[in-house]
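Engineer: test case, fold it:
(2 chains)
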Amino acid sequence: MNKQTLFELLQQQGVSRRGFLKYCTALTSLMALPASMISTVAQALESARRPSVIWLSFQECTGCAESLLRSHSPTVEGLIFDHISLDYQHTLQAAAGEAAEHAREQAMKENYGNYLVVVDGSIPLADPGYSTIAGMSNLDMLNDTVAGAAAVIAVGTCSAYGGLPHAAPNPTGAVSVSSLIKDKPVINVPGCPPIPTVITGVLAHYLTFGSIPELDRLGRPKVFYGQSIHDRCYRRPFYDKGLFAETFDDEGAKKGWCLYRLGCKGPMTYNACATLKWNQQTSWPVESGHGCLGCSEPDFWDAGSFYKALSIPDGDYARAAGYAVASGVVLGAAAGFANQKTKSAAVSQHTKVSVDDFSLNQKDTNK
Amino acid sequence: MELFSNANDFLLWTRGDAFNIAIGLFIIGILIRLLEIFLLGRKQDFSEPRGSEWGPGLKNIITRSVVDNGTFKRAPFVVVVGYIWHICFFIILLFFVPHIELIHAMLGLKWPGLGSQFIDASAVIAMVALLAMLWHRLTHPVLKFLSTFEDYLVWLVTFLPLLTGYIAFHRMIDPYPLALGLHILSVELLLIVFPFTKLMHAITLFIARWYTGAMMGRKGIES
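Structural biologist: Residues are numbered from 1 along each chain as shown, chains lettered A, B, ... in the order given. Now for the predicted structure:
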């Protein structure tokens, strides 16, 4: 760990105490903590040492790193990110080849048991050759690096759930971090990409409390993934009033009505886009006029068309219905003819009875 | 082995394979029931018709929706609660936008939906009506005596979509894909049970009413 505290580093960057406290307040509110916790957060961050962070990129598109790094600058979040000790990130680091791998090994040795591992990208299990770094398979590098880690943060849907590489038919046998790492805390920060503030928020939580935040059943911090997009969507009143855009350029779309009919996956998606927004809180997908894709949910690539409403069946029901009509007609006709046969058999077996056939003998009639 | 790796997988299954199976059995069942009825045939009627069949038949489908006085006097509870239940049920089925989307996707027909508050209120009234009907069935000695397993099964498969729909709409089960999946699954159960139980009345009533009206029309009787 770096000897300087976070606050000292921020001061060097010209961040005032007022700016720092403002950030702490925003952070406290972001983490859904009571206002009385602001001073705790500030104190913790003031004295926090920079933790060593090793960032492993496996089967990924670098979009997650782009989301965080290109977000905007300079912000306090950005500065904090600059000043965690990012000891290995092969997109960003100047070192290459053996020197780069050496940096990783050195950071592991120096901070054994205390460093954080950030992973973006999925891990291929079908053939280790699908993705290697310095001749090392992703699986080996993950196991090797995580062995001495305090916790693992799986950034992006690929590392959290397998993501795009995991989409059917999953040619590389891609899996998530949490399906491989069972003996260390794994925090999933899904999204394609995740919201930058959420990534820094999770890091800040770790800096403040030295522990991982409360997670939901999919390993996501509840504070950011506790509510659905639909519940926090500013277009929700239109849903409740029954006002929907039916195409992307109709009157409803222009008036900002609900995008449910255009396939918005907001009701099933748990993320903070509706409240934190993107690009310096400029906008977010639904605000820009497109339905939510559900990118922070497992298997969102395989969850049917992005443009089909959630209530619509996703399979080839027309084919199923076609087969059903054909077999229904055959079976119905067979049943109908069987009934007719029974009926005509009954008619042909019917013997006419006349009054003479009735015995007047009481004993017989009682039989 | 886990059947579903997560709630989204479950929802996808209910929207995919499970729906295909349910809609398949629903169609097969209905065709069997209808063909059985139609292929039974009628003996040819050699009498001279005194009036037309089609007009009175179609008219009868509508006029029989109005309850006659005798029935109302005999069973006012069943008539009133029955009407309330059916009206609320059709409001939910036909005017909740996600339902309209389903109909549009499958049949290509669409119409404007109602606001959530109307759907929500209708769902509550429909559930209370169904519970009242069950209470009536269980406390009325004759009705209870006549009730079979099928009557309770039909009640259950009708009640479950309402209950799960209400739960999904109000997001009372977490996560939402599980709640929505349970709702869709309960409707699939209803679709499968439908053709083989009294629920089939929703289709056969049209045949029965038309036939009664048509026969009366043929005989020159006003129905």
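Engineer: for the helix or strand where B:W135 lies, which positions count as buried?
Structural biologist: Assigning secondary structure by DSSP states H and E places B:W135 in helix B:116-139. Residues of helix B:116-139 classed as buried by neighbour count (16 or more other CB atoms under 10 Å in any protein chain shown): B:116, B:118-120, B:122-123, B:125-127, B:129-130, B:133, B:137. Every C-beta, even on glycine, is put in place using the N, C-alpha and C of the backbone.
Engineer: could you list which of the residues you listed also contact chain A?
Structural biologist: B:S116 (CB under 8 Å from any CB of the partner chain).
Engineer: mind putting the buried residues of helix B:116-139 in a markdown table, distance to A:G226 included?
Structural biologist: Shown next, in a markdown table, are those (distance: CB to CB, whole Å):
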| residue | distance to A:G226 |
| --- | --- |
| B:S116 | 23 |
| B:F118 | 30 |
| B:I119 | 26 |
| B:D120 | 24 |
| B:S122 | 30 |
| B:A123 | 26 |
| B:I125 | 32 |
| B:A126 | 32 |
| B:M127 | 29 |
| B:A129 | 36 |
| B:L130 | 34 |
| B:M133 | 39 |
| B:R137 | 43 |
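Engineer: which of the buried residues of helix B:116-139 sits closest to chain A?
Structural biologist: B:S116 (4.2 Å; CB to the nearest CB).
Engineer: what's the pLDDT at B:G16?
Structural biologist: Per-residue pLDDT puts B:G16 at 90.
Engineer: if we ignore the residues flanking it in sequence, what's nearest it?
Structural biologist: A:G315 (3.8 Å; CB to CB, 6 or more residues apart in numbering or on different chains).
Engineer: check contacts around that neighbour.
Structural biologist: B:15-17, B:19-20 (CB atoms under 8 Å, 6 or more residues apart in numbering or on different chains).
Engineer: helix, strand, or coil at the one residue sitting closest to the centre of chain B?
Structural biologist: Nearest to the mean C-alpha position of chain B, by CA atoms, centre = their mean, lies B:A202 at 5.4 Å. Classification of B:A202 by DSSP: H, G, I helix; E, B strand; the rest coil places it in helix.
Engineer: how much space between it and B:F90?
Structural biologist: 11 Å (CB to CB, to the nearest Å).
Engineer: can you give me the distance of the residue in the stretch 51-200 of chain A positioned nearest to chain B to B:F38?
Structural biologist: In the stretch 51-200 of chain A, the residue found nearest to chain B is A:Y161; the distance is 8.3 Å by CB to the nearest CB. As judged by CB to CB, A:Y161 and B:F38 stand 52 Å apart.
Engineer: more neighbours: which of these two?
Structural biologist: The neighbour comparison of A:Y161 against B:F38 (other CB atoms under 10 Å in any protein chain shown) goes to A:Y161, with 28 against 12.
Engineer: domains of chain A?
Structural biologist: Annotated domains of chain A cover A:2-225, A:229-302 [automatic domain parsing].
Engineer: how many neighbours does B:T164 have?
Structural biologist: Residues near B:T164, counting by other CB under 10 Å: 21.
Engineer: what of A:P237?
Structural biologist: 12.
Engineer: OK, contacts around it?
Structural biologist: So A:P237 contacts nothing (CB under 8 Å, 6+ apart).
Engineer: quick check, it in a strand?
Structural biologist: No - A:P237 is assigned helix when assessed by three-state DSSP, not a strand.
Engineer: so how far is B:Q117 from it?
Structural biologist: 12 Å.
Engineer: can you check B:Y83 too?
Structural biologist: For B:Y83, the distance to B:Q117 - CB to CB - is 22 Å.
Engineer: give me the below-cutoff pLDDT ranges for the chain.
Structural biologist: Since no chain was named, I'll use chain A. Applying pLDDT under 70 to chain A flags the ranges A:1-3, A:49, A:70-83, A:359-367.
Engineer: that answer is for a different chain, and I need it for chain B
Structural biologist: B:1-3, B:223.
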